[in-house]
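Novice: let's see this in three dimensions:
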Amino acid sequence: MIHLRFAILPHRLRPDIGRFFSILLASVASLTMFGAAPPALDSVESSLLKAFDGDVKVTASTMAIDRKTVLDRILIIGAVDFVQYDGDQRIPIRVTTQVAGKTPNDWPKGDSAPVLFTVPGHSSNWMIRSGDSIVVPVQADLTESVSVRYDPPEVRAFAGTDPKPAAMSVKVFDIHGTGSPKHTGSLKVTARDRGVWKVATPGGTFDAVLYRIDYKGEIGPASVDDSSLVFVSPTAGIIASVNHKKVSAFLLYNADTRFAYTLPPATE
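Specialist: Numbering: from 1, shown residues only. Modelled structure (predicted):
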């Protein structure tokens, strides 16, 4: 601990204490108004962003963003055009957020009506607002034609401090979510708010919150090691997302894939 002992200094060397604290308070006010710069991207995050082949550039931002406005923006009904990055291919896709149909009675009840967030060819996610979080109790994995149920529901975005890593049980059903589970398992899920970043996409530059989620565990015979990044602007919503899925089931099945999409260039 450092002690500032002004009283023992000669008068001519005493600092101007009033000025000192004025500068200190101004600095704190500046951080409160504009936000502190986020920590640097780590190696996992930098590696995931390579899926965009340099088309998405991320730099530090000191913009302050109210996370609750981000949660509100995620749940807005509508459709947004993106470009999917699949190796050298650039595939146009339209991501939709729509009011979800009737849900089973044993699904959790949230603080908002459920919405269905669908990324074509990838997944449909039932989202609800639960306090200061947006959670997903059920996901339809369109790549595997299965319905996946999470207990407790998976946290996708939140306001406030990072939630503690959660032990989440997983049940995998057929695509309709009926019958007995085809597989069961558990995942350790770690969700983190990685701060506000300035994100340059082909469709524009935005200040956005970066949420990162890591998954580790086993489902049926397979071990799972996934990571995902999503950048959310309070004005534009999701502007870029990338998911890395690594699944290994001994000699039966192995997959190491990335799914990334971002805003396309504006059309005239």
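Novice: can we go C-alpha only for contacts and neighbour counts from here?
Specialist: OK.
Novice: show me the contacts for the nearest residue to residue 70 once chain neighbours are set aside.
Specialist: Using CA to CA, 6 or more residues apart in numbering and skipping residues adjacent in sequence, the residue nearest residue 70 is residue 234, 4.7 Å away. Residues near residue 234 by CA atoms under 8 Å, 6 or more residues apart in numbering: 65, 69-70, 73, 208.
Novice: quick one, phi/psi of residue 234?
Specialist: phi -70, psi -20 (degrees, to the nearest 10).
Novice: now do it against residue 135, distance only.
Specialist: Residue 234 is 18 Å from residue 135, where distance means CA to CA, to the nearest Å.
Novice: and the strands in this protein?
Specialist: Residue ranges of the strands in the chain, as given by DSSP state E, are 57-60, 78-86, 89-99, 115-119, 123-130, 133-141, 146-158, 166-174, 183-201, 204-219, 222-233, 237-249, 253-262.
Novice: as CSV, the ones you listed with mean neighbour count would be great.
Specialist: Putting the strands of the chain into CSV (neighbours: other CA atoms under 10 Å) gives the following:
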stretch, mean neighbour count
strand 57-60, 16
strand 78-86, 17
strand 89-99, 15
strand 115-119, 21
strand 123-130, 21
strand 133-141, 22
strand 146-158, 21
strand 166-174, 20
strand 183-201, 20
strand 204-219, 21
strand 222-233, 21
strand 237-249, 20
strand 253-262, 17
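Novice: could you dump those into JSON lines and include distance to residue 48 and mean pLDDT?
Specialist: Listed next are these as JSON lines, based on distance: least, CA to CA, whole Å; pLDDT from 0 to 100:
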{"stretch": "strand 57-60", "distance to residue 48": "12", "mean pLDDT": "96"}
{"stretch": "strand 78-86", "distance to residue 48": "12", "mean pLDDT": "96"}
{"stretch": "strand 89-99", "distance to residue 48": "17", "mean pLDDT": "96"}
{"stretch": "strand 115-119", "distance to residue 48": "19", "mean pLDDT": "96"}
{"stretch": "strand 123-130", "distance to residue 48": "19", "mean pLDDT": "94"}
{"stretch": "strand 133-141", "distance to residue 48": "21", "mean pLDDT": "94"}
{"stretch": "strand 146-158", "distance to residue 48": "18", "mean pLDDT": "94"}
{"stretch": "strand 166-174", "distance to residue 48": "23", "mean pLDDT": "94"}
{"stretch": "strand 183-201", "distance to residue 48": "14", "mean pLDDT": "96"}
{"stretch": "strand 204-219", "distance to residue 48": "11", "mean pLDDT": "96"}
{"stretch": "strand 222-233", "distance to residue 48": "8", "mean pLDDT": "94"}
{"stretch": "strand 237-249", "distance to residue 48": "7", "mean pLDDT": "85"}
{"stretch": "strand 253-262", "distance to residue 48": "8", "mean pLDDT": "79"}
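Novice: right, and the ones you listed - which one's nearest residue 49?
Specialist: Set against residue 49 and scored by CA to CA, these come closest in strand 237-249, at 7.3 Å.
Novice: strands paired with that closest one, and their directions?
Specialist: Sheet pairing of strand 237-249 (DSSP bridges) gives strand 222-233 (antiparallel), strand 253-262 (antiparallel).
Novice: quick one: that strand to chain centroid distance?
Specialist: 10 Å (CA atoms, centre = their mean, to the nearest Å).
Novice: so how far is residue 235 from residue 38?
Specialist: Distance, residue 38 to residue 235, using CA to CA: 20 Å.
Novice: looking at those two, which is more packed in?
Specialist: A count of neighbours by other CA atoms under 10 Å puts residue 38 above the other of residue 38 and residue 235, at 17 against 13.
Novice: list the contacts for that one?
Specialist: If you count contacts by CA under 8 Å, 6+ apart, residue 38 has them with 60-62, 194-197.
Novice: repeat for residue 48
Specialist: Residues near residue 48 by CA under 8 Å, 6+ apart: 229, 242-244.
Novice: swap the cut-off to 7 Å and go again
Specialist: Residues near residue 48 by CA atoms under 7 Å, 6 or more residues apart in numbering: residue 242.
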